[in-house]
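**Student:** Using only what follows, build the 3D model:
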Amino acid sequence: MPLFAIVTLDAPGSDEARATHREGHLAHFRDNAKDIAVAGPIFNDEGASKGSLVILRSESADAARAWIERDPFHPAGVWQSIDVSAFKAASGDWAA
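**Tutor:** Residues are numbered from 1 along each chain as shown. Below you'll find the model as predicted:
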């Protein structure tokens, strides 16, 4: 199945919404673990979370976007942006 890189960036002032919806966010990822190649937070220079990176197995970019938009962080306004791009590993453990 094709891979898609999903990069989300947090909205300014979204710390409270992030804390409120964190358990639902983690449950969304646990419930879909079979489709996730790797996922985790990305950090700013001060060590605070500034967003997320997900490498997702999905049928299409539209399906990958729909998947990330079902995450509770999306309707809660945690993310100011979501970028979904086709991904092909060229180096490292995933290289084809």
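**Student:** Over to the most centrally placed residue in the chain: give its phi and psi.
**Tutor:** The centre of the chain sits closest to residue 54, judged by Cα atoms, centre = their mean, with a distance of 4.2 Å. The phi/psi pair for residue 54 (degrees, to the nearest 10) reads phi -130, psi 130.
**Student:** Bridge partners for it, pull those for me.
**Tutor:** Residue 54 has the following beta-bridge partners by DSSP bridges: residue 6, residue 39.
**Student:** can I assume residue 17 is in contact with residue 76?
**Tutor:** Yes - when contacts are counted by Cβ atoms under 8 Å, residue 17 is listed as touching residue 76 (4.4 Å). C-beta here means a position set from N, CA and C on the backbone, and glycine is covered the same way.
**Student:** for the chain, what spans make up the helices?
**Tutor:** Taking DSSP state H as the criterion, the chain carries its helices at 15-31, 61-69.
**Student:** which residues of this structure score low on pLDDT?
**Tutor:** By pLDDT under 70, the low-scoring segments of the chain are 94-96.
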